[in-house]
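[1] What follows is a protein structure lacking sequence information:
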């Protein structure tokens, strides 16, 4: 499986999560940062004999609650 395929799958999953939130520069930056981190982690996990799908699932699990992190960023933006 190619790196582009991994990025595409991860981007698609993140798109579904982020569609529930307003499109702001801060949220877009957060989405890009999340994608970079999750892609990097999934690629590293694939070198440890995990399938692409298992590596992606594990990377998302290890990343934690994405919605919670988005909500925290939105709350912090509102406080400013």
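    Good, I have the coordinates. This one's a predicted model, so the numbers in the text were calculated from it and none came from an experiment.

[2] quick one: residue 17 and residue 66 touch, right?
    Yes. Counting by Cβ atoms under 8 Å, residue 17 does reach residue 66; the two are 5.5 Å apart. (C-beta placed from N, C-alpha, C; glycine too.)

[3] neighbour count winner among these two?
    residue 66 (17 against 14; other Cβ atoms under 10 Å).

[4] The more buried one contacts residue 33, doesn't it?
    No. Counting by Cβ under 8 Å, residue 66 does not reach residue 33; the two are 11.2 Å apart.

[5] which residues in this structure form strands?
    Using DSSP state E, no strands are found in the chain.

[6] Could you list the low-pLDDT ranges of it?
    For the chain, the stretches with pLDDT under 70 are 1-3, 77-80.

[7] hey, which helix is longest across it?
    For the chain, the helix with the greatest residue count under DSSP state H is helix 25-46.
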